[in-house]
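Undergrad: Can you look at this prediction? I've put the sequence above it.
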Amino acid sequence: MLQEQMRIKAGNALQIQKERMPMWKILVILLCLTALILLVVMICDSNRFVKVSYRISDRRLKKNCRVVLLADLHNKSYGKHNEKLLAAIKSSNPDLILCAGDLITSRSGKSMEHAKELVRAISAEYPFYYANGNHEYRIYREPQTYGKMGASYRAFLKGNHVRILENGSVLLPEYGIRITGLDLPREYYQKLDRTKLESKTISRMVGHADRNDFQVLLAHNPVFFDAYAGWGADLTLSGHIHGGIVRIPGIGGVISTSYRLFPKYDGGYYEQNQKKMIVSRGLGSHTIPVRLFNPAELVVIDLVTEE
């Protein structure tokens with residue numbers, strides 16, 4: 001009787017062992033589930049945006065000013081006629097709109113209508129100051145490649161009362177703010193080989209920084225923060241890096257739009273020697289149309305007077 005029970009137990013154990021799933025199958029299932037979760041997150045992050053707010057104070061500011069910063073839309077639309085993005089902008093109650101470049105994508109024959117719809121709507125309600133990114137730079141200066149795309153877009157912006165700042169400045173005396181737009185040549189956007197930018201080069205391009213007013217610099221590429229700060233920008237507003245495309249929680253962006261791993265300025269707030277920089281993670285994408293743990297963002301900045 002005892003021997004029979006032992007045989008039955010041994011048989012049951014053998015049957016359980018046969019029915020147990022092989023380890024390699026478990027690993028395959030786990031990998032598939034992980035890939036599915038990442039795919040869902042990527043699709044969500046590539047089709048949504050969040051609102052991010054900052055507060056900057058300075059004694060030279062004459063009164064408070066709320067700024068909405070747009071960057072790297074790349075002609076993306078959030079809802080019909082970009083209604084979701086437009087609603088988020090209006091609900092922020094900005095005093096003015098600043099653009100750090102790349103609302104469009106420099107691809108011959110590619111539509112710019114989504115970007116135009118947004119610009120048309122907000123420029124009718126708010127002062128709008130626009131500095132070029134590398135994509136605007138291309139369409140304006142390379143008609144042999146992009147045809148009339150640049151001339152058409154420039155005429156559209158001017159027709160909608162958008163102030164284009166191409167190595168130029170505008171003073172807003174009621175706020176005590178000077179806004180300068182830096183239009184860097186194409187060599188400062190090379191994918192692998194990076195041209196060095198010096199503060200004196202910026203001075204030759206846009207003149208000297210205003211020391212009496214709060215100096216805002218719209219400079220699309222944030223990698224030259226040292227030069228911007230050295231030139232005298234109190235606040236630099238940038239984009240271009242798209243948040244590092246894929247972000248690792250606790251570490252940051254993985255790769256820049258110039259294909260550099262773990263970019264130093266991938267998005268957010270930076271400061272050195274009392275000079276500040278805010279880098280937008282952008283509102284769209286282009287060459288690598290992916291965002292993972294890296295939703296697009298609309299940046300709102302409160303510039304406030306010091307008590």
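TA: Great, that's in hand.
Undergrad: contacts and neighbour counts: CA atoms only from here.
TA: Noted.
Undergrad: Pretty sure Arg55 sits against Leu303.
TA: Yes: in terms of C-alpha atoms under 8 Å, Arg55 counts as a neighbour of Leu303; the distance is 6.1 Å.
Undergrad: what are the ranges of the helices in the chain?
TA: 2-19, 23-45, 83-91, 113-123, 134-141, 143-146, 149-159, 199-206, 225-231 (DSSP state H).
Undergrad: out of Arg55 and Leu303, which sits in the busier spot?
TA: Using other C-alpha atoms under 10 Å as the criterion, Arg55 and Leu303 rank with Leu303 on top: 21 against 10.
Undergrad: residues in contact with that one?
TA: Counting by C-alpha atoms under 8 Å, 6 or more residues apart in numbering, Leu303 touches Arg55, Ile56, Ser57, Asp58, Leu61, Asn64, Cys65, Arg66, Val67.
Undergrad: Taking those, please make a PyMOL selection of just the buried ones.
TA: Here is the PyMOL command that selects only those of those that count as buried (16 or more other C-alpha atoms under 10 Å):
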select buried, resi 61+64+65+66+67
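Undergrad: Can you name the residues that contact Leu98?
TA: Contacts for Leu98 (C-alpha under 8 Å, 6+ apart) come out as Val67, Val68, Leu69, Leu70, Phe128, Tyr129, Tyr130, Ala131.
Undergrad: before we move on, back to that, just tell me which of the helices of the chain ends up closest to Phe293.
TA: Closest to Phe293 of the helices of the chain is helix 23-45 (C-alpha to C-alpha; 6.6 Å).
Undergrad: Mind giving me the packing neighbours of that closest one?
TA: Helices and strands touching helix 23-45, as assessed by 3 or more C-alpha pairs under 8 Å, 6 or more residues apart in numbering; DSSP states H and E, are absent.
Undergrad: How far away from the center of its chain is it?
TA: Relative to the centre of its chain, helix 23-45 is centred 28 Å away, using C-alpha atoms, centre = their mean, to the nearest Å.
Undergrad: Same check on stretch 239-248?
TA: When C-alpha coordinates are averaged (C-alpha atoms, centre = their mean), stretch 239-248 and its chain have centres 7 Å apart.
Undergrad: mind checking the end-to-end distance for it?
TA: 19 Å (C-alpha to C-alpha, to the nearest Å).
Undergrad: contacts for it?
TA: Here stretch 239-248 makes contact (C-alpha under 8 Å, 6+ apart) with 71-72, 100-102, 133, 220-222, 252-258, 262-263, 265-267, 279-282, 284-285, 288, 290-294, 296.
Undergrad: hang on, the earlier thing: now that we have the contacts of Leu98, can you turn them into CSV and tack on pLDDT?
TA: What follows is the contacts of Leu98, written out as CSV (pLDDT from 0 to 100):
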residue, pLDDT
Val67, 98
Val68, 98
Leu69, 98
Leu70, 98
Phe128, 98
Tyr129, 98
Tyr130, 98
Ala131, 98
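Undergrad: Just name the closest of those to Asp226, please.
TA: If you rank these by distance to Asp226 using C-alpha to C-alpha, Ala131 comes first, at 19.5 Å.
Undergrad: which residues does Glu113 contact?
TA: So, once contact is read as C-alpha under 8 Å, 6+ apart, Glu113 ends up touching Asn75.
Undergrad: And for Gly133?
TA: With C-alpha under 8 Å, 6+ apart, Gly133 has these contacts: Ala100, Gly101, Asp102, Asp183, Ala219, His220, Asn221, His240.
Undergrad: Give me the below-cutoff pLDDT ranges for the stretch 151-300 of the chain.
TA: Scanning the stretch 151-300 of the chain for pLDDT under 70 picks out 193.
Undergrad: before we move on, the earlier item: identify the farthest-apart pair in the contacts of Leu303.
TA: Farthest pair in the contacts of Leu303, by C-alpha to C-alpha: Asp58 and Val67, 14.9 Å.
Undergrad: Report the buried residues of stretch 114-132.
TA: Buried, per 16+ other C-alpha under 10 Å, within stretch 114-132: 114-120, 122-123, 126, 128-132.
Undergrad: now stretch 294-307
TA: Buried residues in stretch 294-307, counted by 16+ other C-alpha under 10 Å: Asn294, Pro295, Ala296, Glu297, Leu298, Val299, Val300, Ile301, Asp302, Leu303, Val304, Thr305.
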